[in-house]
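Engineer: Pasting a predicted model and its sequence here:
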Amino acid sequence: MNIFYEESGQFKVATIVQKNDSTYQVDTQHGKRTKVKANNVFVEFTEPLDQFLNTAQTEAGEIDTDLLWETCGEEEFSAEAIAEEYYGHKPTGTELAATLIALYAAPMYFYKKAKGIFKAAPEETLKQALAAIERKKQQEAQIEAWVEELLQDRLPPEIAADLKQILHAPDKQALTYKAFNKAADGRKISAYELAKRVGGVSSMAAFMLDGFELKHFPKGIGFPDLPVPPFEEWPLAEGVSAFSIDDESTTEVDDALSLQDLGGGNKRIGIHIAAPALAIEPGSSIEQQIFQRQSTAYYPGGKITMLPENWIGAFSLDAGSERLAMSIYFDVNEQFQVSNPQTRVERVKIAENLRIGTIEPHFNAKTGLDAEGETMFSHHRELIWFYQLAIALQKQRGKYLEDAVPAYDYGIEFEPDGKVRISIRERGSPIDTLVSEMMILANSTWAQMLHEAGLPGLFRVQPAGKVRMSTQSEPHIGMGVAHYGWFTSPLRRAADYINQKQLAGLIGIGEPRFASGDAMLFAALRDFDTTYSAYNDFQRELEGYWSLVYMQQENLREVNAVILREELVRLNGLPLVARATGIPMDLPAKTTVKLAVTEVDPEKQLVGLSYINAVI
């Protein structure tokens, strides 16, 4: 005699060795002797084990599950009772076993209440469950269809629409992610490599930019419609003709300079700063945009502006215009002593936007600084005088270094054929010096004004250690000034906008945006500091990537570098910091070394460098 029984949700058959009221001792199909509880046994039979089980399974497959469900009432029922109802007669052993197998195989149709006891699922519940199954089948079919397209190097439009999200902030429950990930796994390549292969990403640079935009501009880099409201027509500054000095690519011209001769060797300088804050209401949509973006984000080959084009166009100090400006004037005597600071809001005539690339060949450390020399460009004479003033101001701050260690700024540009070109400018050139000193003069003076008035702002402080942001002014020992804050780039930085708003309130134009102790100001400081750092980090990452592309393009085999610490080096002529192997432990920082380039892989952002020798 044999039994058909259930164990751990599976139906099995075995031969009875011994039977009592509560248990069976049996030999299973596989010859193992075991005990089975009597209440787990549904059928006793005499047919061979395999024959019985195969017949029951075959019959179970032929049972119409929907008809079986319709046969059930609303009450609980036994398997034997429903089998009799379904077959129309007392079920045979195989029919009962087939019914049990069918009931267990359809848990959405039949709820198991006890051993051999079931209850039919309510009609509405069953409909929902069946719809969910059908939905899942359709989803799986859709996933497979997308996978097939991806494996054929085609990018389905639905996946193209989600690709940034898939690559950089995936929702692992999304069908598009599941399909893309399955296709990548199938090819045994990374998601980035698959995206590049199917044309969704053109390069590692594009991949990095997509990730940056998704993280910091989740709603996209475009702007909503933000019209510039009418603002007060301030009087035109008399006798002032200002000029700016910027890179060729600069579109947000924040600052300009002017120079007036007062006679007797005395001059009056004007530092004129674009004044969008005067047209922005606290809490307005445009201010919300400023606080969301915090800064213009720069990267090689492009930028994402803090302000919309129409706002930049309305306030940028563009040549040929008369623009609203926050101006600060200083009187300067023949000994370059600066006095009598005066802050005004006014319209300023912008005579010219000088471009560094155009004027620097005629105005650099080797030429163009002679006051008696030939005039090579507009405002050349004024720039010579401004440079002399800048040197005097550096000396007054104790920051003039006649033999400063050279430092460099790099520009990354792209030829029409896609080749990378890296330009180098020595930092601290006469142009850099005069512009930075004029901005330091304005920023430190305005920061002092806020401090003396007891108004908070976003200050740059360095009483000791590292530079940090603070809502209260403290000395900046690195610059040699008692007070310092950013005021001179309000078209490009939220900190400058906030400080300009505070300064406007101080001189009686509206109210200061923030009072002392305002929690919103602390939040603004935190948000600006975090975001500004993240933007700078991204710029450095992309500069590093394009440096690797350049190294590969130029087939560089050896490079010189300066040791920063231990194995960390900065490559000469490139904006790239990397690690090198084999550098002797006794070589101090700032030592120049020659390195062999053993590997360059921009796609993996990998460079291999090994020590050759120190450069004497």
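Structural biologist: Structure's in. What do you need?

Engineer: Distance check, the residue nearest to Gly239 when sequence neighbours are not counted against Arg268.
Structural biologist: Of all residues not flanking Gly239 in the chain, Gln260 sits nearest, at 5.9 Å (CB to CB, 6 or more residues apart in numbering). Bear in mind the C-beta positions are built from the backbone N, C-alpha and C, glycine included. Relative to Arg268, Gln260 is positioned 4 Å away (criterion: CB to CB, to the nearest Å).

Engineer: What of Ala129?
Structural biologist: From Ala129 over to Arg268 (counting by CB to CB), the distance is 84 Å.

Engineer: of these two, who's got more company?
Structural biologist: Neighbours around Ala129 and Arg268, counted as other CB atoms under 10 Å, are more numerous at Arg268. The numbers are 17 against 14.

Engineer: Distance check, Ala98 against Glu76.
Structural biologist: With distances taken as CB to CB, Ala98 is found 21 Å from Glu76.

Engineer: ok, the two, which is more surrounded?
Structural biologist: Under the criterion of other CB under 10 Å, the comparison of Ala98 against Glu76 puts Ala98 first, with 24 against 14.

Engineer: Please name the nearest non-neighbouring residue to that one.
Structural biologist: Counting by CB to CB, 6+ apart, the residue nearest Ala98 is Glu59, at 3.6 Å.

Engineer: Kindly state the domain boundaries assigned to this structure.
Structural biologist: Listed by automatic domain parsing, the domain ranges of the chain are 2-121, 125-216, 242-397+429-516, 554-614.

Engineer: can you redo these as a markdown table with distance to Pro227 and mean pLDDT?
Structural biologist: Written out in a markdown table, the entries for the domains of the chain read as follows (distance: least, CB to CB, whole Å; pLDDT from 0 to 100):
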| stretch | distance to Pro227 | mean pLDDT |
| --- | --- | --- |
| domain 2-121 | 58 | 92 |
| domain 125-216 | 25 | 93 |
| domain 242-397+429-516 | 7 | 96 |
| domain 554-614 | 39 | 95 |
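
Engineer: quick one, which of the ones you listed is nearest to Glu541?
Structural biologist: Between Glu541 and the domains of the chain, the shortest separation by CB to CB is 6.4 Å, and it involves domain 125-216.

Engineer: in the helix or strand hosting the residue nearest to Ala98, what's buried?
Structural biologist: Counting by DSSP states H and E, the secondary-structure element that holds Glu59 is helix 49-62. Within helix 49-62, the residues that count as buried by 16 or more other CB atoms under 10 Å are Leu49, Phe52, Leu53, Thr55, Ala56, Glu59, Ala60.

Engineer: Closest one of those to Pro512?
Structural biologist: Looking at the buried residues of helix 49-62 and their distance to Pro512, the nearest is Ala60, at 81.2 Å (CB to CB).

Engineer: residues contacting that closest one?
Structural biologist: With contacts defined as CB atoms under 8 Å, 6 or more residues apart in numbering, the neighbours of Ala60 are Ala97, Ala98, Thr99, Ile101, Ala102, Ala105.

Engineer: And the residues you listed, which of them are buried?
Structural biologist: So, by 16+ other CB under 10 Å, the buried ones in the contacts of Ala60 are Ala97, Ala98, Thr99, Ile101, Ala102.

Engineer: What is the nearest of these to Val405?
Structural biologist: Taking CB to CB as the measure, Ile101 is the one of the buried ones among the contacts of Ala60 closest to Val405, at 84.8 Å.

Engineer: is it true that that closest one touches Thr58?
Structural biologist: No: the pair Ile101 and Thr58 fails to qualify as a contact (CB atoms under 8 Å) at a distance of 10.0 Å.

Engineer: Tell me the secondary structure at the closest residue in space to Arg513 that isn't next to it in sequence.
Structural biologist: Nearest non-adjacent residue to Arg513, counting by CB to CB, 6+ apart: Lys501, 3.9 Å away. When the structure is split into helix, strand and coil by DSSP: H, G, I helix; E, B strand; the rest coil, Lys501 lands in helix.

Engineer: Assumed His272 was part of a strand.
Structural biologist: Yes: the secondary structure assignment for His272 places it in a strand, going by three-state DSSP.

Engineer: Help me confirm that it comes into contact with Ser258.
Structural biologist: Yes: counting by CB under 8 Å, His272 touches Ser258, with 6.6 Å between them.

Engineer: who are the neighbours in contact with the residue lying closest to Met438 once chain neighbours are set aside?
Structural biologist: In space, Met438 comes closest to Ile271 once its chain neighbours are excluded; the distance is 5.5 Å by CB to CB, 6+ apart. Applying CB under 8 Å, 6+ apart, one finds that Ile271 lies in contact with Asp255, Ala256, Leu257, Ser327, Ile328, Tyr329, Phe330, Met438, Met439, Leu441, Ala442, Thr488.
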